[in-house]
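Visitor: no sequence on this one, just coordinates:
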């Protein structure tokens, strides 16, 4: 009964909507990180006096490795 009252009052969220929103946010974060090496490499390369293309390639590898590790996380068994 309490759950029904909370649902009617707008205090509860539909699981599918929450999962969809989380997936969408995750994709936005992923895309932002995938574009980060290209955006930052020239600036950091100039500051450090290193080749910007080599720096971008190195950053790209590290970012992709980190995203892959984060991709192993699942919501299964949680909530």
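Guide: That came in fine, so what should we check first? Note that the coordinates shown come from a computational prediction; the quantities given were computed from them, not determined experimentally.
Visitor: Closest to the centroid, which residue in this protein?
Guide: residue 29 (3.2 Å; CA atoms, centre = their mean).
Visitor: Show the backbone phi and psi for that residue.
Guide: phi -60, psi -40 (degrees, to the nearest 10).
Visitor: Can you tell me how far it is from residue 46?
Guide: Residue 29 is 27 Å from residue 46, where distance means CB to CB, to the nearest Å. Heads up, the C-betas are built off the backbone N, CA and C, glycines and all.
Visitor: quick one: low-confidence parts of the chain?
Guide: 75, 77-79 (pLDDT under 70).
Visitor: can you pull out the helices in it?
Guide: Secondary structure of the chain by DSSP state H: the helices cover 2-8, 15-48, 52-71.
Visitor: hmm, who's touching the shortest one?
Guide: To tie it back to what came earlier, the one meant is helix 2-8. With contacts defined as CB atoms under 8 Å, 6 or more residues apart in numbering, helix 2-8 is touched by residue 12.
Visitor: Who are the contact partners of residue 34?
Guide: Residue 34 touches 63-64, 67, counting by CB under 8 Å, 6+ apart.
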